[in-house]
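**Student:** Need the 3D shape of this:
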Amino acid sequence: MEKKDGTVPLVHLFLSFLRLGLTAFGGPTMVAYIGELSVKKNTWLNRETFRNGVALCQSIPGATAMQVAGYVGLKARGIPGAAAAYTGFGLPAFFFMLLLSWAYIRLGNLPWVLSLFRGLQVIVVAIVANATFTFGKETVRNHLDAAVAAASAAAFWYGINPFYVILGAGLCGMTIFRGSQANNPGAGREVNRQFVSRFFILLAAVISGMILLCLANRKFFNLALLMMKIDLFAFGGGFASVPLMLQEVVNARGWMDGKTFMDGIALGQVTPGPIVITATFVGFLAYGLAGAIIATIAVFTPSFVLLILGSHIFTRLQRSAPFNRAVKGILASFVGLLLFVTIKFAAAVPWDILRLVIVAAAVAALLKKIDILYIVLAGALISIFLL
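**Tutor:** Predicted coordinates:
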């Protein structure tokens, strides 16, 4: 039986998801564990409601597991519950990444640390290549999907801003894809006035915060705006943020080189939580502790707001054939973007026989569904002693 909004204590929601967040390795695979926690163990919502939430979270930008956690909190206790679950689930990843970012700066020049990251670079190539293959297998189903993916990869290769690539893919999807039709064409016309008022309070708080940040410190405002833009266009889960962040942080702004960014991604795989937690690393290296906090909050804010809005209008979105076709085009474009990132990262590695063996073993392990944490830890040990 599904529990009604208001009956679940916020502290219970927060602590439950905090505990789950401590072991949230594997990204989207955590969705199954969130389902066990919310449907079987606590009966905060029923299975059908949970499944609808997963479908919603796959249709909007942001890290899928984070979105599903927020959705459960939203159904259990409204917007405050969504904030409690979202924060609890993401907090362990933030603190782990913050600690690792500090250690990276302090210990980064030690010989064993240099060997460690030389090896982890190879593991990152394997992880991104596997994500490209997995995401591509699920997304590219016909020649039109493949054409959009190839065109996106080519556009990224020639330096076109990825945000324009994504927008173009969405428009292209609305034009050329005809297989994605509307679902539930008669549903979802009700309007909840209380929800609308609470949502606009949330939106006003976000806008006010950005205005205050702009007045207080322009560089922090620009950092927050960048991370929000990355999150807003990250359709397809956390890995979709990687090519966007790479383009803006490394190529456009030069805050760090490609190798350092790869190190940040490697650290993101060691920590629980979504790969988009790399934003904490970027913020810390760019502007210290304040930068880490601002970047982390900003990179999760747009998807949280869209989750709240999307949960209310999801049936309307399902009724929109143009929306479904645009999402299909955007997802296809991310296959091309991930392919470009794989090539970009691989080109930065000084390949030799040992590194080729490591990357082949890592890809094989990923295809066998071995926990990504074990793969990263094994790669770290091999790197320290052999590279």
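**Student:** Any regions of this structure where pLDDT drops low?
**Tutor:** By pLDDT under 70, the weakly predicted segments of the chain are 1-6, 23, 25-29, 108-114, 162, 178-192, 236, 315-318, 372-373, 387.
**Student:** Contact partners for the residue nearest the centre of it?
**Tutor:** Nearest to the mean C-alpha position of the chain, by C-alpha atoms, centre = their mean, lies residue 238 at 1.9 Å. By C-beta atoms under 8 Å, 6 or more residues apart in numbering, the contact list for residue 238 reads 27, 62, 63, 64, 66, 274, 275, 276. Using the backbone N, CA and C atoms, a C-beta is placed for each residue, glycine as well.
**Student:** Same list, those, but as CSV with secondary structure, distance to residue 312 and neighbour count please.
**Tutor:** Below are the contacts of residue 238 laid out as CSV (DSSP: H, G, I helix; E, B strand; the rest coil; distance: C-beta to C-beta, whole Å; neighbours: other C-beta atoms under 10 Å):
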residue, secondary structure, distance to residue 312, neighbour count
27, helix, 26, 22
62, coil, 16, 30
63, coil, 21, 30
64, helix, 19, 22
66, helix, 19, 31
274, coil, 24, 29
275, helix, 28, 25
276, helix, 24, 30
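**Student:** The residues you listed into CSV, with extra columns for distance to residue 336?
**Tutor:** As requested, the contacts of residue 238 are arranged in CSV below (distance: C-beta to C-beta, whole Å):
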residue, distance to residue 336
27, 20
62, 20
63, 20
64, 20
66, 24
274, 21
275, 18
276, 19
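**Student:** What is the nearest of these to residue 37?
**Tutor:** When the contacts of residue 238 are compared for distance to residue 37 (C-beta to C-beta), residue 66 wins out at 14.3 Å.
**Student:** Pull up the gap between the closest one and residue 328, please.
**Tutor:** Distance, residue 66 to residue 328, using C-beta to C-beta, to the nearest Å: 23 Å.
**Student:** and if you look at residue 385?
**Tutor:** In terms of C-beta to C-beta, residue 385 sits 46 Å off from residue 328.
**Student:** Would you mind telling me which of these two has the busier surroundings?
**Tutor:** Neighbours per residue (other C-beta atoms under 10 Å) separate residue 385 from residue 328, with residue 328 holding more: 24 against 10.
**Student:** Next, the buried residues of the host helix or strand of the more buried one.
**Tutor:** Using DSSP states H and E, residue 328 falls within helix 321-347. Buried residues in helix 321-347, counted by 16 or more other C-beta atoms under 10 Å: 321, 323-346.
**Student:** same check, this time on stretch 161-177
**Tutor:** 162, 165, 166, 167, 168, 169, 170, 172, 173, 174, 177.
**Student:** now those residues as CSV including secondary structure and distance to residue 123?
**Tutor:** Listed next are the buried residues of stretch 161-177 as CSV, based on DSSP: H, G, I helix; E, B strand; the rest coil; distance: C-beta to C-beta, whole Å:
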residue, secondary structure, distance to residue 123
162, helix, 24
165, helix, 27
166, helix, 27
167, helix, 33
168, helix, 32
169, helix, 29
170, helix, 32
172, helix, 34
173, helix, 33
174, helix, 38
177, coil, 35
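**Student:** Taking those residues, tell me the two that lie furthest apart.
**Tutor:** Across the buried residues of stretch 161-177 (C-beta to C-beta), the longest gap, 20.5 Å, separates 162 and 177.
**Student:** Hey, what's the angle from whichever strand or helix holds residue 364 to helix 321-347? Just curious.
**Tutor:** Using DSSP H and E, residue 364 sits in helix 353-367. Inter-element angle recorded for helix 353-367 and helix 321-347: 150 degrees (by axes from the mean of the first three to the mean of the last three C-alpha atoms, to 10 degrees).
**Student:** Count the neighbours of residue 153 for me.
**Tutor:** Neighbour count of residue 153, defined by other C-beta under 10 Å: 23.
**Student:** and it, how far is that from residue 243?
**Tutor:** Taken as C-beta to C-beta, the span from residue 153 to residue 243 is 10 Å.
**Student:** Which neighbours do those two have in common?
**Tutor:** 337, 340.
**Student:** tell me which of the contacts of residue 238 is nearest to residue 122?
**Tutor:** Using C-beta to C-beta, these come closest to residue 122 at residue 275, 17.0 Å.
**Student:** Spatially nearest residue to that closest one (excluding sequence neighbours)?
**Tutor:** Leaving out its chain neighbours, the residue that sits closest to residue 275 by C-beta to C-beta, 6 or more residues apart in numbering is residue 238, at 4.5 Å.
**Student:** Would you check how far apart residue 256 and residue 249 are?
**Tutor:** 6 Å.
**Student:** Between these two, which is the more surrounded one?
**Tutor:** More crowded of residue 256 and residue 249, by other C-beta under 10 Å: residue 249, with 25 against 17.
**Student:** That one reaches residue 260, doesn't it?
**Tutor:** No: using C-beta atoms under 8 Å as the test, residue 249 is too far from residue 260 to be in contact (9.4 Å).
**Student:** any common contacting residues for those two?
**Tutor:** Joint contacts of residue 249 and residue 260 (C-beta under 8 Å, 6+ apart) do not exist.
**Student:** What's the separation between residue 58 and residue 280?
**Tutor:** 24 Å.
**Student:** and what of residue 339?
**Tutor:** Taking C-beta to C-beta, one finds residue 339 at 26 Å from residue 280.
**Student:** Ok, residue 21 next?
**Tutor:** Per C-beta to C-beta, residue 21 is found 14 Å from residue 280.
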